[in-house]
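Participant: Here is a sequence with its predicted model. Questions after.
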Amino acid sequence: MPVNINGHTFYRTKEALAKIGISRPTWFRWLKDNLVEDVKHTDRRGWRLFTEEDIERIGKFANTVNVAANQAEMLQ
């Protein structure tokens with residue numbers, strides 16, 4: 001369930017990743033490999049709080065399709 005703090009809606013990690021459709025290990029691997037920018041908000045315990053914008057940004061990255069160079073030639 002989203003959390004409302006000072007009129008802003010935030011999602012905890014489990015909820016956000018479920019909306020995006022990725023697993024926790026994938027999320028933390030992407031962070032470790034600097035493939036995505038971490039969220040800017042945390043609660044008093046230091047747990048990540050995701051905004052709708054964070055979820056949209058990470059979701060776009062999650063749904064990016066890269067075509068290998070040899071496959072791109074075949075598509076032309």
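Facilitator: Looks like it arrived, so ask away.
Participant: Could you find the closest non-adjacent residue to H8?
Facilitator: Once flanking residues are discounted, H8 sits nearest to T51: 7.2 Å by CB to CB, 6 or more residues apart in numbering. In short, each C-beta sits where N, CA and C put it, glycine included.
Participant: Now do the same contact list for the one you found.
Facilitator: Applying CB atoms under 8 Å, 6 or more residues apart in numbering, we find T51 in contact with 8-11, 39, 41.
Participant: Which positions within the lengthiest helix in the chain qualify as buried?
Facilitator: In the chain, with assignment by DSSP state H, the single longest helix is helix 52-62. For helix 52-62, burial by neighbour count (16 or more other CB atoms under 10 Å) applies to 54-55, 57-58.
Participant: all helices in this structure, in order from the N-terminus.
Facilitator: Ranges of helices within the chain are 13-20, 24-32, 52-62, 69-75, based on DSSP H.
Participant: what mean pLDDT would you report for the second one?
Facilitator: Put plainly, it is helix 24-32. Averaged across helix 24-32, pLDDT comes to 97.
Participant: Would you mind pulling the contact partners of that helix?
Facilitator: 13-14, 17, 36, 38, 58, 61.
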